[in-house]
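Colleague: after the sequence you'll find the predicted model.
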Amino acid sequence: MARIWNPGTAAGAVAASVGLAVMYVLSALTGLAALPQALQEPVLALMPGWLFGLLIDRLQHAGKVVEEVGLIIFLILAGALLGAVLHLLEQRWHSGQDTILAAAAAYALIGLVALPLAGSGPFGLALGLQSVVEWALVAALFGFSYELALQRLDLPPRSSDADWGRRRVILGLPGLLALASLATIAIFRAPSWALGLLASSQSSGQTPAETPVGSFYQVSKNFSDPQISARSWGLELNGLVRSPRRYLYSELMAQSLTSEIVTLECVSNLVGGNLISTGSFSGVRLRDLIAAAGPAPAASAVNFNSADGYQESMALTTVQSDPRILVALQLDGAPLPVSHGFPARIVFPGHYGMRGPKWLVQIELAGAEQTGFWEGQGWEHAAVVKTWSRIDVPAAGSIAHAGHVLTLTGVAFAGTRGVAAVEWSPDGGRSWRPAQLQAPLSELSWTLWNATWTPSGEGAHKIVVRARDGSGAWQDARVESSFPSGASGYHSVTVNVAS
């Protein structure tokens, strides 16, 4: 342990911090994906589905924050280990070329290990020559910072106080660069980290029947979502069809658009969670596009591919029998926001959001369904939404007064089955009372419910809600995590009743 923990360890950590700062600066200036961003998807792909589900259940959007911070820490530790090894080798070889060796080692590890793992090819060649040069710059600054930090940590003061004073100014640069790296990361990533943490909070207040676009939930596997120009974008419809073609954005918009008010829910939505929203989506019926292309007799599946590498699929018979499946182009009468899949996404009513790929670039008819992105990590393919209900008002921990009327509100959702009834309990589920239902905006949207309660006794009261779908089945009371097919259980809040 003493041999590994040497001045090179700290110097490597400092150099890695500087390298990370440079990555994030280049990310902001040129679009280069910093390694903590580029490695996010490969790490997710290697993560067992049950573990990812556990993290999502506990952390929601903040899980991405934790992953990015974890990758930053891992890379700093990797830099520390590299620095320790380089220092041991230098003590043996006495080459005097710390900067060159450190830069070369960093460039080799980035170019031959990290970037191929991230899908960018050796040294980032898949992204073009600019990427190769940018990563060379990161490696060079790693080597320079390592050399400066190593001198600061490994050299004793010289006899001349003046000379040592000048040396301290020069050799103190690594420390300043390390601090600058942390500040840079905070500046460039803090807004997205904060948004991620805020997005994991529970809803509060009465839910509107239709969710404002700015409040519509957002979930993506990406750290940076695709930025696509409508002018250059095209939707390929090919595979086992008689008439393959490429639709331009203007051509799709010129077609007769269908509008549907749909509730979308993330498969990772918790009992009582807020990863669920309702909006008016407009687009072209998927089955109409496929009919125009003329499916070949051998076609039995519709596969979807997105600009961010996301994949999904569904049976051709499902598409042909359901006119409600849309290639959506608009949300609430305006083009889809980037975070919701601009220029086009699939809206598959009654199914969790994972079945509706965003940033769509290809619809391919094939002889078999391809493995979806999340399905490949163990999530259920069907992803039919479970019957779900939530209490919005009162909030957990609220204080009520005995003898005073308390208003209860919330939402319930059962996909295309519809909500037939909602019941609530003021005593933890021992007795149930019916709630009043508002007419849903459509057969594909959630149902808002309300009730009134006049508590008569003081103390803590556990209010519970449950829903019954249109088939007559009650919401599943069993408490299950979201992995692999969506969470289940009754939502409850505790209200403190005072005199």
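Modeller: Perfect, I can see it now.
Colleague: and stretch 385-396, C-alpha only, in CSV?
Modeller: Listed next in CSV are the C-alpha coordinates belonging to stretch 385-396 (Å, rounded to 0.1, in the frame of the first residue of the first chain):
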residue,chain,number,x,y,z
VAL,A,385,-49.7,0.3,-17.6
LYS,A,386,-51.0,-1.0,-14.3
THR,A,387,-54.1,0.6,-12.6
TRP,A,388,-52.7,3.4,-10.5
SER,A,389,-54.0,6.2,-8.2
ARG,A,390,-52.5,9.0,-6.2
ILE,A,391,-53.5,11.5,-3.4
ASP,A,392,-52.5,15.1,-4.3
VAL,A,393,-54.3,16.9,-1.5
PRO,A,394,-53.8,16.8,1.4
ALA,A,395,-50.0,16.5,1.3
ALA,A,396,-48.2,14.1,3.6
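Colleague: how about that stretch: buried residues?
Modeller: Within stretch 385-396, the residues scored as buried using 16 or more other C-beta atoms under 10 Å are 385-394. From N, CA and C alone the C-beta is placed, and that goes for glycine too.
Colleague: quick one: the strands in the stretch 251-400 of the chain?
Modeller: 258-265, 276-285, 301-306, 311-315, 326-331, 334-335, 345-347, 360-366, 388-393, 399-401 (DSSP state E, counting those that start in this stretch).
Colleague: what would the ones you listed look like in JSON lines with mean pLDDT and distance to residue 37?
Modeller: Converted to JSON lines, those look like this (pLDDT from 0 to 100; distance: least, C-beta to C-beta, whole Å):
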{"stretch": "strand 258-265", "mean pLDDT": "98", "distance to residue 37": "26"}
{"stretch": "strand 276-285", "mean pLDDT": "98", "distance to residue 37": "26"}
{"stretch": "strand 301-306", "mean pLDDT": "98", "distance to residue 37": "18"}
{"stretch": "strand 311-315", "mean pLDDT": "97", "distance to residue 37": "20"}
{"stretch": "strand 326-331", "mean pLDDT": "98", "distance to residue 37": "26"}
{"stretch": "strand 334-335", "mean pLDDT": "97", "distance to residue 37": "26"}
{"stretch": "strand 345-347", "mean pLDDT": "98", "distance to residue 37": "22"}
{"stretch": "strand 360-366", "mean pLDDT": "98", "distance to residue 37": "21"}
{"stretch": "strand 388-393", "mean pLDDT": "96", "distance to residue 37": "33"}
{"stretch": "strand 399-401", "mean pLDDT": "86", "distance to residue 37": "44"}
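Colleague: Throw these into CSV and include distance to residue 102, thanks.
Modeller: Converted to CSV, the strands of the stretch 251-400 of the chain look like this (distance: least, C-beta to C-beta, whole Å):
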stretch, distance to residue 102
strand 258-265, 49
strand 276-285, 49
strand 301-306, 39
strand 311-315, 40
strand 326-331, 50
strand 334-335, 48
strand 345-347, 45
strand 360-366, 41
strand 388-393, 54
strand 399-401, 61
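Colleague: what are the ranges of the helices in this structure?
Modeller: Taking DSSP state H as the test, the helices found in the chain are 7-30, 35-38, 40-46, 49-59, 62-93, 98-109, 115-117, 129-154, 161-171, 173-199, 249-253, 286-293, 316-321.
Colleague: returning to that earlier point: pull the most distant pair out of the buried residues of stretch 385-396.
Modeller: By the measure C-beta to C-beta, 385 and 394 form the most distant pair in the buried residues of stretch 385-396, at 26.0 Å.
Colleague: residue ranges with poor pLDDT in the stretch 1-150 of the chain?
Modeller: 1-5, 41, 44-64, 94-97, 126-128 (pLDDT under 70).
Colleague: domains in the protein, by residue range?
Modeller: Following automatic domain parsing, the chain resolves into domains at 7-198, 213-377, 388-498.
Colleague: out of those, nearest to residue 205?
Modeller: Closest approach to residue 205 among these (C-beta to C-beta): domain 388-498, 6.5 Å.
Colleague: and that closest one, how far apart are its ends?
Modeller: 31 Å (C-alpha to C-alpha, to the nearest Å).
Colleague: now that domain: how far from the chain's centre is it?
Modeller: 28 Å (C-alpha atoms, centre = their mean, to the nearest Å).
Colleague: tell me the contacts of residue 459?
Modeller: Listed by C-beta atoms under 8 Å, 6 or more residues apart in numbering, the contact set of residue 459 reads 496-497.
Colleague: next one: residue 247 from residue 334, what distance?
Modeller: 20 Å (C-beta to C-beta, to the nearest Å).
Colleague: and for residue 496?
Modeller: Distance, residue 496 to residue 334, by C-beta to C-beta: 43 Å.
Colleague: so which residue is smack in the middle of this structure?
Modeller: Ranked by distance to the mean C-alpha position of the chain (C-alpha atoms, centre = their mean), the top residue is residue 220 at 3.5 Å.
Colleague: tally of neighbours for residue 70?
Modeller: When counting by other C-beta atoms under 10 Å, one arrives at 12 neighbours for residue 70.
Colleague: for stretch 452-469, buried residues please.
Modeller: Those buried within stretch 452-469 under the rule 16+ other C-beta under 10 Å are 453, 455, 461, 463-469.
Colleague: list the buried ones in stretch 251-268?
Modeller: So stretch 251-268, judged by 16+ other C-beta under 10 Å, has buried residues 252-253, 255, 257-258, 260-268.
Colleague: residue 116: which of the residues you listed is nearest?
Modeller: Among the buried residues of stretch 251-268, residue 268 lies closest to residue 116 (C-beta to C-beta), at 29.7 Å.
Colleague: pLDDT score assigned to the closest one?
Modeller: As predicted, residue 268 sits at a pLDDT of 88.
Colleague: cool, and residue 376?
Modeller: So, for residue 376, pLDDT stands at 88.
Colleague: burial count for residue 344?
Modeller: Residues lying near residue 344 (other C-beta under 10 Å) number 28.
Colleague: check residue 291 too.
Modeller: Applying other C-beta under 10 Å, we find 12 residues neighbouring residue 291.
Colleague: how near is the closest residue in space to it that isn't next to it in sequence to residue 93?
Modeller: Nearest residue to residue 291 in three dimensions, chain neighbours excluded: residue 320, at 7.8 Å (C-beta to C-beta, 6 or more residues apart in numbering). To residue 93, residue 320 is 70 Å away according to C-beta to C-beta.
Colleague: ok, now residue 443?
Modeller: Distance from residue 443 to residue 93, counting by C-beta to C-beta: 75 Å.
Colleague: which one's more surrounded, these two?
Modeller: residue 443 (15 against 10).
Colleague: how about the contacts made by the more buried one?
Modeller: The contact partners of residue 443, by C-beta under 8 Å, 6+ apart, come to 416, 418.
Colleague: model confidence for it, exactly?
Modeller: pLDDT, residue 443: 97.
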